[in-house]
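Asker: need coordinates for the following:
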Amino acid sequence: MEQTVYRPHSLSVPNLLTYARLAAVPALAVVMLLIESNTGRWLGAAIFALAGVTDFLDGYLARAWSQQSRLGRMLDPIADKLLVGAALLLLVADQTISGWSFWAALIILSREILVSGLREFLAELNVTVAVSRLAKWKTTMQMLALCVLLAGEAGNSFCACDAVNYGLVLLWAAALLTLYTGFDYFRAGLKHVIYEQ
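Answerer: So this is what the prediction gives:
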């Protein structure tokens with residue numbers, strides 16, 4: 001009887017896209033910190049936007065081509081959180097996010113860390129909590145907000161909206177969705193935490 005050989009998909013296209021998203025983190029930092037001009041802002045926004053597209057594509061292609069792997073499942077959320085965390089830190093550092101908007105950034109970052117901890121705990125119990133449609137909207141809103149904020153004044157002047165910072169409006173909308181979906185996720189996982197003694 002021929003034994004089935006397991007072939008890891010470490011170099012599959014979905015995983016290569018995830019690696020690219022991980023590589024986008026230092027690339028974003030270099031561009032935002034070293035190129036102090038509108039060019040740097042546009043490059044930062046472009047890097048972030050392309051990395052966001054890979055977030056959609058890697059999962060879609062992994063399912064479509066049956067190339068889902070443990071490595072991909074591990075790295076995908078790590079890449080997402082590193083990218084979002086790096087963007088938030090860079091935007092706080094250059095004062096794009098300041099004042100009351102700092103709290104929106106803190107809400108988003110805290111939720112990502114807390115949910116990661118809960119997911120790790122639930123994984124030990126072999127429990128998975130499905131991602132809701134609203135959580136996907138939250139991710140889309142979050143990525144859009146950060147992309148607009150990374151473009152900064154260059155983006156505002158491009159769309160002639162100097163009077164309103166749409167990036168911060170979107171950031172607060174993402175933060176509110178983050179609170180709701182975070183609560184929803186914890187409510188779904190809480191029963192497993194309570195009954196695990």
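
Asker: tell me, how many residues neighbour G117?
Answerer: Other residues lying near G117 total 10 when counted by other CB atoms under 10 Å. C-beta coordinates here come from the backbone N, C-alpha and C atoms, glycine included.

Asker: now the helix or strand harbouring L190: mean pLDDT?
Answerer: Element membership for L190 (DSSP states H and E) is helix 166-195. Across helix 166-195, pLDDT averages out at 81.

Asker: just give me how far it sits from the chain centre.
Answerer: Offset of helix 166-195 from its chain centre (CA atoms, centre = their mean, to the nearest Å): 14 Å.

Asker: on contacts alone, who are the packing partners of that helix?
Answerer: helix 101-124, helix 133-158 (3 or more CB pairs under 8 Å, 6 or more residues apart in numbering; DSSP states H and E).

Asker: A49: which of these is closest?
Answerer: helix 133-158 (5.1 Å; CB to CB).

Asker: surely L61 and L17 touch.
Answerer: Yes: assessed by CB atoms under 8 Å, L61 is found in contact with L17 at 7.3 Å.

Asker: more neighbours: those two, which one.
Answerer: L17 (23 against 18).

Asker: residue closest to the middle of the protein?
Answerer: D80 (3.6 Å; CA atoms, centre = their mean).

Asker: return the backbone torsion pair for E36.
Answerer: phi -90, psi 70 (degrees, to the nearest 10).

Asker: burial measure for it, as a count.
Answerer: 10.

Asker: now do A64
Answerer: Neighbourhood size, A64 [other CB under 10 Å]: 10.

Asker: sorry, back to before: pretty sure the residue nearest to the centre of the chain contacts T54?
Answerer: No: the pair D80 / T54 is not scored as a contact, 10.1 Å apart, by CB under 8 Å.

Asker: what sits up against stretch 80-99?
Answerer: 21-22, 24-25, 28-29, 32-33, 44, 48, 51-52, 55, 102, 104-105, 108-109, 112-113, 116, 139, 142, 146, 149-150, 152, 167-168, 171 (CB atoms under 8 Å, 6 or more residues apart in numbering).
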